[in-house]
Structures are given as C-alpha cells and as structure tokens.
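Chemist: Any chance you could fold what I've pasted below:
(2 chains)
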Amino acid sequence: MNDLTTMDEPVGVNQTMRDEIRRVSNATRARRILISRSMTILCGLALAIAAVPLFLLIYQLIRRGAPELTGTFFTQVPQTPTLIAPNATGGLSNAIIGSIALNIYASILAIPVGVLVGIYLAESASKFASALRIIAQTMAGAPSILMGLFAFSFLLQDLKVGFSAIAGSFALAILMLPVIVISTEIAVLNVPNTLREAGLALGAKPHKVSMRIVLPSALTGIVTGCILAISRAIGETAPVLLVIGGGYLNTWQPLNPVSALPLSIYENAKSEWPSQRAQVWGAALVLVGFVFILSLTARIWASRKQKVSN
Amino acid sequence: MTEIKTSQPTVLARDPGVTAMQLQDVAVSFNGRVAVRDATFDVAKNRVTSLIGPSGSGKTTLLRALNRLHDLTPGAKVSGQILLEGTDIYRGNLTVTELRTRVGMVFQRPNPFPTMSIYDNVVSGLRFNGIKKKALLDEAAETSLRSAALWDSVESRLKVAASNLSGGEQQRLCIARALAMDPEILLMDEPTSALDPIATLKIEELMTTLKERVTIIIVTHNMQQAARISDDCAFLLMGEDRAGELIEFDTTEKIFNNPNDSRTLDYTLGRFG
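Modeler: Now for the predicted structure:
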C-alpha cells in the first residue's frame, strides 16, 4: 500500500488505470491521516493519565510539607509531644545529618570498587567477568530489604559491629554497587575503539590507554551513574531500617547509631500525635529535594559538553 | 620544504639504505580465515607508497599489520616477515611500543582525543612515552603543528578542546600528533575519505611535503588520489577464496600506464571495483 503513493506511474497504462491508482492512494492517505490523528490524541490522553497522579503528589508534598520546614525542623532533634505541648515535635536535624552521613560513607565504600569492577567488566572478556556481570545484574534487581538483612546478619550478628551508621552505609553500598558497575561498564564500552587504537598507535602501553584516554572519555557517564546510585540509595528505607539503630543524636560518627530521613518518615507516620504525623511531609519534601538536586546534577553532568580542564 | 624544521637529525642517521620497510610473503588471517596474503614488496624511503584495490582486497588489514595493530584482535595471525631496518617487527628484538613510536598511524576518521586540548593531543604520544619536560613538549608541539600546516590557525587557541576543530583540521591534528613522535614511517588509512575536497587537497599537499622527512604508506580508495600523490603503488585484489592478495607492485607511473597484469589495468581504468 505504501508503494502506491510513491511509485512512478507505469508507462503506457490507460487513463482508467491511472484514475484507479489515484483514487486508491488518496483513500489510503485519508485513512492514514485519520489513524495518525487518533494515535496522537491517545498518546496525549495517556500522558495526562500518567501526569495527574504525579502532579497531585508534588502538590500534596509541597502543600503539606512546606509549612513544616521551619528553622527548628533543620536545627533541633526530635521531641516527644506532651498533652501540654501537643505540637512540640522538635526538628529532624539528626535524620538529615544521618542521611547525609550514611550516603557519604556508602559512596566512599561503593564508588571506587564499583568503578574498578565496571572497567574490568568492559575491558575483559574472561569467564570470571561474565559471571560478575550476571551477579551485578541480578543484584540490581534484588529487593533492597535483602541488603538490610545481609548487613544485619553479617555485621551485627557475626562481626558484632552494633547498630551504627557504618552498618547502614554497608547495606546502602551493596545496593549502589550494581548500579555503579553497570553504568561504568556501559560508559567504558561506549568509548570508541578508534580512540584506543589512536593511543596504541602512538606507542602507549595498554594501561596508559585505559587511564589517560578511555577513563577520561567515559568520565561523564561514570559520574552520572554514581550520582544516580546515590540518589537511589538516599531514599531507601529498607536496607537501613534494621541496622542503623535510630536515636536522637546529631552525629557524623560512623560507629554511632544514627537516624535517617526515610526511617523518620516510617516512625513518625506511626505516631499517635497528629503533629508528628504532619512532620512526615516535611521529611518527605527534604528527601525529594535531595533526590531532585542529585538527578539535576546528574543531568547537567551528562549533557555538559566535554570541556578541557587545564 | 624550507618551512619544515627537522629538529631531529637522527632521522637520517638511523637509516641504513633506501628501503624503509620490507614485506616478505606477508599474510594476515583471522581465526584461520585468510584476509590478505602474498604481500611481498619493499617500501622505499622518503617516498609515498599507496595500497589500492577494491573493497575486501585487504588493503587496510595489510596496513594495520605494519604497526601490529592486529595484536589485540583475538584470533588474528600475521605470518611472513615485515622488516623495519632489517629487524623483524613481530619476532625481532623490537618491542611493540618502540615499533609504534617509529611507525606512526593516521586513521580513516579523524580521532583526536576528545577530552584533551589541541596542545595535549599533539604531545600526547610523547607524554605516553614518559616525556615531561615542558620546553621539549612545547617545541615538539610547534614543530609538528607547523609540519601539519596547522600552526597558523591554532597558535592562538592551543588550549581549546580538539573537538572544536573542523574535520579537516582534526585530521591534520592527528597527523601532527603522529609526527610529534618523529616516526620513520607514517601509515595512513584512507585519511581523506571522511573529508571534503578542499580538506582533502590540503592533506594531499601535506603528504607531498612530508615525504621529505618521513616515508608514507597510504591506503586509498580513490585512484586519482593514488595517481596524484604516490610514487609507488601496490595493487591488491580479492582472490577466488575471498582472500585479498597482492597482484602487482611497481612505480605508480607503471601501474597506471603500463601494468604487467591485465587485472591492474582493468581496475585503474575503472572497468570494475
């Protein structure tokens, strides 16, 4: 049918034949335009259906979360409301500090290992590498509570570490690892082979080609992957639930029990005090803010032009 | 010729005769399948030798064997002898990195390192090989960029990313990058096939000047180009079993005017290919 509209008219065909071809191709074209327009309308509808809950969520989050974000929220530790002061909830500074600390330690644990494994997977064709790749892909899809359980049984029960930030970071690091490994591998594989050859043809040794040519060229992708891994980890409740211990301390110490924003949301949401339940929205808004800033950073990194740093 | 500064007189000192490279029964195979064979010819010093032939005749495969770029391809095997100043480059007392500093390469598509500036690109080979002295790098950068006829247009923006250059300029940058290593031989794999006619012309002019200091071996699809710029010419053709083989090697004049093999004549006259 497609051919009818574009094909040259046969030489020596009589007028009736030509008219027939024109008529059929016009009818086909009309039907195609109709289908095309209905599809556009359908796509628009689907978009609206998908967007409505998202906008409602953001609206609700800001409407109920923004009033919670007072100075106290960021600077004070939580208090338990009393009958005399039912709105004295204090702040969530401990959870904010805890979340940031957890993710910093998790990044320190996960990024170097993840990037090195990713480079290894991209540059090696061994059986061991294929096995590692399958493990990484499986881990990327594993339920996150599993990381928490593992950290609990390994660090807390076997190694007697105790409820601590480092135990939570360990669980988050395992969660981040596959994301970093996979995105690093893809970034390294995307570096054109002609660049490797150019380096080799200049007499560079293979490790120099990897470090000085391949890695800088893949850096944008690697950094983007790391940022996305962090933004995934920061919002996770399950892995840290079992191992960080909670508590009201403002502490950056890796071996102290800490709180975290997702954990505060989980605990406050169960409170009998309406003021504490309202505070949940503030915590959620801060968390979404973190994730938003991280993904924005990742996007800017990914789209920035390769600039030369002198 | 006068504007070419040959700051390294050692180039001449290490050359024993007029032959830059000798090929003897060179064959390349991938996983047992022969891609090119029967390549036997001498590459004369300070001349341009072109490899011509239709697609699949093994020109590029042969060229890449000359600085061991097949080494990293699993299943690739190079047999026969390739002698650089009498040393077998595969079995002789010559490391692969040393070989590649002496036999440079320019690729089909311009491939400057995208994360490096123009300056860093030119001196990258020297840096890979451990040279750090700034004065030396500066001098090498200027000399090579002048040799590649690029200095005047990039002198004021050496710190700019190489990706800002046009395609033709990028290719000349790649030539400068190869020249900075002061190679004896420069391999060029269809260096102008991705360029427009004016950029092509500039590179061709460049090659004519460059052969005063470096021997050039060029693969080209363009027979006019081979006729214009090369002094010697090797004609390759795909055989019955789909393996490329050397049909004829001679001066370009002979190949294009009065070849020994009728197939060479058919090809240069455009009867096939």
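
Chemist: what's around the closest residue to A:L175 other than its chain neighbours, how many residues?
Modeler: The shortest distance from A:L175 to any non-neighbouring residue, by C-beta to C-beta, 6 or more residues apart in numbering or on different chains, is to A:M147 (4.9 Å). Yep, even glycine has a C-beta here, placed from its N, CA and C like the rest. Neighbour count of A:M147, defined by other C-beta atoms under 10 Å in any protein chain shown: 27.

Chemist: who in chain A is up against chain B?
Modeler: A:125, A:192, A:194-195, A:197-205, A:208, A:212-213, A:216-217, A:219, A:306-308, A:310 (C-beta under 8 Å from any C-beta of the partner chain).

Chemist: which ones among those are found in helices?
Modeler: Judged by DSSP state H, the subset of the residues of chain A next to chain B located in helices is A:T194, A:L195, A:E197, A:A198, A:G199, A:L200, A:A201, A:K208, A:P216, A:S217, A:L219.

Chemist: And the helices in the stretch 201-310 of chain A, which stretches?
Modeler: Here the stretch 201-310 of chain A has its helices, by DSSP state H, counting those that start in this stretch, at A:206-208, A:215-234, A:238-241, A:261-268, A:274-303.

Chemist: Pull out the buried positions in the second one.
Modeler: Taking 16 or more other C-beta atoms under 10 Å in any protein chain shown as the basis for neighbour counts, the residues of helix A:215-234 that come out buried are A:215-218, A:220-234.

Chemist: show me what contacts A:T184?
Modeler: For A:T184, the contacting residues are A:G114, A:V115, A:V117, A:G118, A:I119, A:L121, A:A122, A:A218, A:G221, A:I222, A:G225, by C-beta atoms under 8 Å, 6 or more residues apart in numbering or on different chains.

Chemist: mind saving the C-alpha coords of stretch B:52-62 as CSV?
Modeler: Extracted in CSV, the C-alpha atoms of stretch B:52-62 (Å, rounded to 0.1, in the frame of the first residue of the first chain):
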residue,chain,number,x,y,z
ILE,B,52,45.0,0.4,-3.8
GLY,B,53,42.3,-2.2,-4.7
PRO,B,54,38.6,-2.7,-4.4
SER,B,55,36.7,-3.3,-1.1
GLY,B,56,37.7,-6.6,0.6
SER,B,57,41.1,-6.8,-1.0
GLY,B,58,42.8,-6.5,2.3
LYS,B,59,44.5,-3.0,2.0
THR,B,60,43.6,-1.8,5.5
THR,B,61,44.3,-5.3,7.0
LEU,B,62,47.8,-5.2,5.5
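
Chemist: Could you check the pLDDT of A:G162?
Modeler: pLDDT recorded at A:G162 is 75.

Chemist: Could you look up the SS state of it?
Modeler: The assignment at A:G162 comes out as coil when based on DSSP: H, G, I helix; E, B strand; the rest coil.

Chemist: separation between the residue nearest to it when sequence neighbours are not counted and B:R157?
Modeler: Excluding the flanking residues, the one nearest A:G162 by C-beta to C-beta, 6+ apart is A:L156, at 6.7 Å. According to C-beta to C-beta, to the nearest Å, A:L156 stands 59 Å off from B:R157.

Chemist: re the thing from before, just read off the phi/psi values of the residue nearest to A:G162.
Modeler: Dihedral pair for A:L156: phi -80, psi -50, per degrees, to the nearest 10.

Chemist: contacting residues around it?
Modeler: A:G162, A:F163, A:A167, A:V243.

Chemist: Out of the residues you listed, which end up buried?
Modeler: Buried residues within the contacts of A:L156, defined by neighbour count using 16+ other C-beta under 10 Å: A:F163, A:A167, A:V243.

Chemist: Do me a favour and get the end-to-end distance for stretch B:176-188?
Modeler: Taking C-alpha to C-alpha, to the nearest Å, the first and last residues of stretch B:176-188 lie 13 Å apart.

Chemist: mean confidence score for that stretch?
Modeler: Here the average pLDDT along stretch B:176-188 is 93.

Chemist: how about it, does it get close to chain A?
Modeler: Yes. For stretch B:176-188, a contact with chain A is found by C-beta under 8 Å from any C-beta, at B:R177, B:A178, B:M181.

Chemist: any idea how far B:E85 lies from chain A?
Modeler: Distance, B:E85 to chain A, by C-beta to the nearest C-beta, to the nearest Å: 17 Å.

Chemist: Quick check on that residue: phi, psi?
Modeler: Torsion angles, degrees, to the nearest 10, at B:E85: phi 50, psi 40.

Chemist: residues in contact with the residue in the stretch 1-150 of chain A positioned nearest to chain B?
Modeler: The nearest approach of the stretch 1-150 of chain A to chain B comes at A:A125, 7.6 Å away (C-beta to the nearest C-beta). Residues counted as contacts of A:A125 (C-beta under 8 Å, 6+ apart) are B:P74.

Chemist: Near residue 250, how many other residues are there?
Modeler: Just going to use chain A. 16.

Chemist: try chain B instead
Modeler: With other C-beta under 10 Å as criterion, B:D250 counts 18.

Chemist: mind listing what it touches?
Modeler: B:D250 sits next to B:D232, B:C233, B:P259, B:N260 when contact means C-beta under 8 Å, 6+ apart.

Chemist: Buried subset of the ones in helices among the residues of chain A next to chain B, written for PyMOL?
Modeler: Selecting the buried subset of these in PyMOL, with 16+ other C-beta under 10 Å as the burial test, is done by:
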select buried, chain A and resi 195+197+198+199+200+201+208+216+217
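
Chemist: ok, so of the ones in helices among the residues of chain A next to chain B, who is nearest A:A85?
Modeler: A:L219 (52.6 Å; C-beta to C-beta).

Chemist: And the closest residue to B:G270 other than its chain neighbours, what's its pLDDT?
Modeler: The shortest distance from B:G270 to any non-neighbouring residue, by C-beta to C-beta, 6+ apart, is to B:M223 (7.6 Å). In this model, B:M223 is scored at 88, pLDDT.

Chemist: Can you give me the distance of B:M223 to B:T49?
Modeler: Distance, B:M223 to B:T49, by C-beta to C-beta: 15 Å.

Chemist: about what we covered before: tell me the most packed of the residues of stretch B:176-188 next to chain A, by neighbour count.
Modeler: Greatest neighbour count in those, by other C-beta under 10 Å, goes to B:R177: 31 neighbours.

Chemist: List the residues that contact it.
Modeler: A:A198, A:L202, B:P112, B:N121, B:V122, B:S124, B:G125, B:S144.

Chemist: Return the backbone torsion pair for the last one.
Modeler: Put plainly, it is B:S144. Taking degrees, to the nearest 10 as the convention, B:S144 sits at phi -70, psi -40.

Chemist: That one: neighbour count?
Modeler: Neighbour count for B:S144, taken as other C-beta under 10 Å: 26.

Chemist: check contacts around it.
Modeler: B:V122, B:A176, B:R177, B:L179, B:A180.

Chemist: part of a strand, is the first one?
Modeler: Read that as B:V122. No. Per three-state DSSP, B:V122 lies outside any strand segment and is helix.

Chemist: tell me the pLDDT at the residue nearest to it when sequence neighbours are not counted?
Modeler: Using C-beta to C-beta, 6+ apart and skipping residues adjacent in sequence, the residue nearest B:V122 is B:A141, 4.6 Å away. For B:A141, the pLDDT comes out at 93.

Chemist: Just confirm B:A141 contacts B:N121, I think it does.
Modeler: No. B:A141 is not in contact with B:N121 according to C-beta atoms under 8 Å; the separation is 9.3 Å.

Chemist: I am finished for the moment; much appreciated.
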